[in-house]
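Asker: Got a predicted structure here, sequence first:
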Amino acid sequence: HSTPVVPPAPRMASRFTRAGASSVKIKAPEFGTSFYARVAGFSFAAGACMEGFMIKTGFYDKVTALEAERRDALSEPPAWVKTLQQQKKDEVSAPSGETPRT
């Protein structure tokens, strides 16, 4: 028994090869270093303008105040945690025969 040799399946033709343009190669645009230097310069200038605007309008002062308020609010435990802590203190400080007041 010999295994029959099956030829490979033909590849699907793209629209370029069907149109007869198989030798057409699309080249990606090439940008020189001056283009990238201009993009970098523009990006730097835009960022500097945004930072200047935020400083001039007091953005950082407002953000600093909001962050201070947020940290202050998070530095204290919630009321229910305070209640549990107080109950635990009362249990520890109460004499062994007495029940703590709640």
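Answerer: Happy to help now that I have it. Residues are numbered from 1 along each chain as shown.
Asker: which helix in this protein runs the most residues?
Answerer: Secondary structure of the chain read by DSSP state H shows that its longest helix is helix 33-56.
Asker: which outside residues touch that helix?
Answerer: Helix 33-56 is contacted by residues 59, 60 when judged by CB atoms under 8 Å, 6 or more residues apart in numbering. Where C-beta positions appear, they are placed from N, C-alpha and C, glycine not excepted.
Asker: Quick one: mean pLDDT for it?
Answerer: Average pLDDT, helix 33-56: 96.
Asker: switch to numbering from 50
Answerer: Okay, residue one is now 50; in that scheme the one you just asked about reads as helix 82-105.
Asker: would you put the C-alpha positions of that helix in PDB?
Answerer: Written as PDB, here are the backbone C-alpha positions of helix 82-105 (Å, rounded to 0.1, in the frame of the first residue of the first chain):
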ATOM      1  CA  THR A  82      14.300  62.800  11.900                       C
ATOM      2  CA  SER A  83      13.100  66.400  11.400                       C
ATOM      3  CA  PHE A  84       9.500  65.200  11.400                       C
ATOM      4  CA  TYR A  85      10.000  63.400  14.800                       C
ATOM      5  CA  ALA A  86      11.800  66.400  16.200                       C
ATOM      6  CA  ARG A  87       8.900  68.700  15.200                       C
ATOM      7  CA  VAL A  88       6.400  66.200  16.800                       C
ATOM      8  CA  ALA A  89       8.500  66.100  20.000                       C
ATOM      9  CA  GLY A  90       8.800  69.900  20.100                       C
ATOM     10  CA  PHE A  91       5.100  70.400  19.600                       C
ATOM     11  CA  SER A  92       4.300  67.800  22.300                       C
ATOM     12  CA  PHE A  93       6.600  69.600  24.700                       C
ATOM     13  CA  ALA A  94       5.100  73.000  24.000                       C
ATOM     14  CA  ALA A  95       1.500  71.700  24.300                       C
ATOM     15  CA  GLY A  96       2.400  70.000  27.700                       C
ATOM     16  CA  ALA A  97       4.100  73.200  28.900                       C
ATOM     17  CA  CYS A  98       1.000  75.300  28.000                       C
ATOM     18  CA  MET A  99      -1.200  72.800  29.800                       C
ATOM     19  CA  GLU A 100       0.900  73.000  33.000                       C
ATOM     20  CA  GLY A 101       1.100  76.800  32.800                       C
ATOM     21  CA  PHE A 102      -2.700  76.900  32.500                       C
ATOM     22  CA  MET A 103      -3.200  74.600  35.500                       C
ATOM     23  CA  ILE A 104      -0.800  76.700  37.600                       C
ATOM     24  CA  LYS A 105      -2.400  80.000  36.600                       C
END
